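[1] no sequence for this one, just the structure:
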């Protein structure tokens, strides 16, 4: 245990909640039954008013903080912000962190067994939306005895879930904390997702999504998709600082092996991802991103949508994030302000691009902590 | 002929020049013999001092202006700037536009027959550099009786060739006109190329570059590479204006068909490219981009390199170009200024991203014309 830092939530164990009641999805399809894997940190107080929902982005999962084993080298994906005396202070808050429906880390998704066929769902797993996720999270809250969240929070696609919660269940969200997110994808954002999907779907090992039955995975396609995604998470500057034009073997080889350090790094990241992630889930998560557009039903008027919300908002963005730039957060802030909502917004200087919400930066974590500390909870 | 506009160079025919003398490449390898396909527009004057070399970028070729057939719907790639009374005025200048060595449009390249094996070169075609291209272009100049260029010009990778000409043969270049280019690729630029190459090379139809022998092409990989490239040629704003979040069929389908207009557009562009371009050439052109770094031998001091040049320079960049942003052009301008060279530089407002150098914009073409008109040539 000596390796685990003192301000960590320590060793944690995922739990699984089975749901028997069918869930009607945005697509009109139904999931008859499903499992949701989640972790919790801290304790729910007697008034049940200190619960914080943490929503994950494309490639993360329920393991947001702490360690699964004493020998783990890596903590959960948002350990930076979740723990005793951290921004989401587990001495005060009861944190709930589920893996989304459709994911590949334990919650029911494309590689789970479809009870109707006794085979993996594969492409028969329906496309789910951010709104669908809010619905299963709502059910999870019920099973945990939570009728209102002190806060719902997340970065990137996680921030979209926090926004959707405030819209979909206004009376259940006291605070929405939305980091490095956007009100909807731009054409360029969709285009990058389209290329990633194309890479996966055109891999001959994809077998129209039924690759499980062939005992293969579309590794090449998923690798390309991840390499591409990775570029969009980093800033041009950060890549320049980290790799520049440095060569792997100090000289040009005049061949097509990985030659520049940045090439080598991306290939490694792509391969590591293939070993832990499911291609159908990647497709599904990018679609949830593409589809998210809460103002669509109001003719694009986000301010009109926010007139219904009751939550207070905290938003943060990072200067070199070009995937979801500060401009995109400002669109949300402006719509909230138009709607007369209570919103705090900060732009942080950072060299780390979109990944900045996961990277140590005292200005960011201090401001996040300051906001969270002002949320009142019962003793 | 009525379809061909009056200010066009009209119908043009490519010529082929065969070279028997071996060319020593930067890699240390040798091309024993090769063909170069090129077009010319206008006439070389008696003093042979009015020749302009036009260098092409990744996916273009020798067909820079005019039409191949009276029924052609599309003029050459830089018809905007080449023709009677255009920026490169063919009433004054003799324009030479070759297809680069390694290309797939007639000049010797990977899909040409290797005389040693009587099979397509494929991966045995050596990787060539910008400097190698300047060397074959130098030989082409000799065959045409040109001992000095009034100007060498190009956009993007073409601009790199213009820069390299001024460095490699200082006495042969009176003016270097460098549009939307960069002094070397950034880590992010290299990363995008690396993903494109990964997509091609991991396509099972690639067969380690020997796909010609299998009568197949790595179509899926090349399509993904082109889709990705295309995103980097357009600005976020231009994509937003052109496509926004518009759907192909007015409603969400909840499937993985091309659903947003931007997806549909990219898939179409990718497929069209596969029908006209060779995957090995794509690999080779991206490597030439990655390797270009004229200051590398001087420890990164571009100013020291420019101390040797004699040319005057004209540079232009475009505000929304994020592939080779104005910042990258300014690096070149600053190094030229440090070196005491004569340089004019303009940044143009444009919504068209990197593609702006190919798009009608009077401010740009007028300034380009003004610079070219000041170049003195004999009657």
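    Sure thing, it's come through. Treat the numbers as computed from the prediction; the structure is a model and nothing was measured.

[2] Okay, the residue nearest the centre of chain A and chain B: tell me how far apart.
    By CA atoms, centre = their mean, chain A has its centre lying nearest to residue A:57, at 1.3 Å. Remark: distance between residue A:57 and chain B (CB to the nearest CB, to the nearest Å) = 20 Å. (Glycine included, C-beta is placed from N, CA and C.)

[3] Now do the contacts for that residue.
    Residues near residue A:57 by CB atoms under 8 Å, 6 or more residues apart in numbering or on different chains: A:154-158.

[4] Return the member of the residues you listed nearest to residue A:181.
    Nearest to residue A:181 out of those is residue A:156 (CB to CB; 5.9 Å).

[5] With adjacent residues omitted, what lies nearest to the closest one?
    residue A:57 (4.0 Å; CB to CB, 6 or more residues apart in numbering or on different chains).

[6] Could you tell me the per-residue confidence at residue A:379?
    With respect to pLDDT, residue A:379 scores 85.

[7] what about the closest residue to it other than its chain neighbours, how many neighbours?
    Sequence neighbours aside, residue A:45 is the residue nearest to residue A:379 in space, at 7.2 Å (criterion: CB to CB, 6+ apart). Residues within reach of residue A:45, counting by other CB atoms under 10 Å in any protein chain shown, total 16.

[8] Using the three-state scheme, assign residue A:45.
    Assigned with DSSP: H, G, I helix; E, B strand; the rest coil, residue A:45 falls in the coil class.

[9] these two touch, right, it and residue A:146?
    No - assessed by CB atoms under 8 Å, residue A:45 is found out of contact with residue A:146, at 10.9 Å.

[10] next structured bit after the helix or strand of chain A with the lowest mean pLDDT?
    In chain A, the helix or strand scored least confidently by mean pLDDT, DSSP states H and E is helix A:236-242, which has a mean of 93. Using DSSP states H and E, the helix or strand that follows helix A:236-242 towards the C-terminus is helix A:261-276.

[11] List the buried residues of stretch A:170-184.
    A:172-184 (16 or more other CB atoms under 10 Å in any protein chain shown).

[12] same deal with stretch A:32-40?
    Buried-residue list, stretch A:32-40, by 16+ other CB under 10 Å: A:34, A:36-40.

[13] Next, give phi and psi for residue A:189.
    When read as degrees, to the nearest 10, the backbone of residue A:189 gives phi -60, psi -50.

[14] Can you report how many residues lie near it?
    Residues lying near residue A:189 (other CB under 10 Å) number 23.

[15] The one 4 residues further on now?
    Counted by other CB under 10 Å, the residues lying close to residue A:193 total 26.

[16] which secondary structure element contains the residue nearest to it when sequence neighbours are not counted?
    Once flanking residues are discounted, residue A:193 sits nearest to residue A:286: 4.0 Å by CB to CB, 6+ apart. Per DSSP H and E, residue A:286 falls inside helix A:279-291.

[17] helices or strands up against the helix or strand harbouring residue A:193?
    Here residue A:193 sits within helix A:187-201, counting by DSSP H and E. Contacting helix A:187-201 under the criterion 3 or more CB pairs under 8 Å, 6 or more residues apart in numbering or on different chains; DSSP states H and E are the following elements: helix A:219-233, helix A:279-291, helix B:219-233, helix B:236-242, helix B:261-274.

[18] Might one say that residue A:144 is in contact with residue A:36?
    No - with contact defined as CB under 8 Å, residue A:144 does not reach residue A:36; the gap is 11.0 Å.

[19] can you tell if the least confident helix or strand of chain A touches chain B?
    Yes - contact of helix A:236-242 with chain B is found when judged by CB under 8 Å from any CB of the partner chain, involving A:236, A:239-240, A:242.

[20] Pick the one among these closest to residue B:360.
    residue A:236 (28.7 Å).

[21] residues contacting the residue nearest to that closest one when sequence neighbours are not counted?
    Spatial nearest neighbour of residue A:236, excluding adjacent residues (CB to CB, 6+ apart): residue B:188 at 4.4 Å. Counting by CB under 8 Å, 6+ apart, residue B:188 makes contact with A:231, A:234, A:236, A:239-240.

[22] Counting neighbours, what do you get for residue A:362?
    By the criterion of other CB under 10 Å, residue A:362 has 9 neighbours.

[23] Check the gap between it and residue A:371 for me.
    In this view, residue A:362 and residue A:371 are 15 Å apart by CB to CB, to the nearest Å.

[24] which residues of chain A fall in helices?
    Using DSSP state H, the helices of chain A run over A:130-143, A:157-168, A:187-201, A:219-233, A:236-242, A:261-276, A:279-291, A:302-306, A:326-338, A:362-373.

[25] Could you measure from the residue nearest to the centre of chain A over to residue A:77?
    Using CB to CB, one obtains 8 Å as the distance from residue A:57 to residue A:77.

[26] Next one: the residue nearest to residue A:379 from chain B, what distance?
    In this view, residue A:45 and chain B are 40 Å apart by CB to the nearest CB.

[27] any idea how far residue A:376 is from that residue?
    For residue A:45 relative to residue A:376 (CB to CB), the value is 12 Å.

[28] With residue A:114 instead?
    Here residue A:114 is placed at a distance of 45 Å from residue A:376 (CB to CB).

[29] So between those two, which is more surrounded?
    Shown here are residue A:114 and residue A:376; by other CB under 10 Å, residue A:114 has more neighbours (15 against 9).

[30] So that one is in contact with residue A:120, correct?
    Yes - at 6.9 Å, residue A:114 counts as touching residue A:120 under the criterion of CB under 8 Å.

[31] quick one: pLDDT of the spatially closest residue to residue A:177 that is not a sequence neighbour?
    Of all residues not flanking residue A:177 in the chain, residue A:153 sits nearest, at 3.7 Å (CB to CB, 6+ apart). If you check residue A:153, the pLDDT there is 98.

[32] give me the number of residues near residue A:153?
    Summarising burial for residue A:153: neighbours were counted as other CB under 10 Å, giving 30.

[33] Next, the contact list for the residue nearest to residue A:253 when sequence neighbours are not counted, please.
    Leaving aside its sequence neighbours, residue A:253 sits nearest to residue A:259 (CB to CB, 6+ apart; 5.5 Å). Residues counted as contacts of residue A:259 (CB under 8 Å, 6+ apart) are A:247-249, A:252-253, B:290.

[34] again, but for residue A:130
    Each residue near residue A:130 by CB under 8 Å, 6+ apart is listed here: A:157, A:160-161, A:164, A:288, A:291-292.
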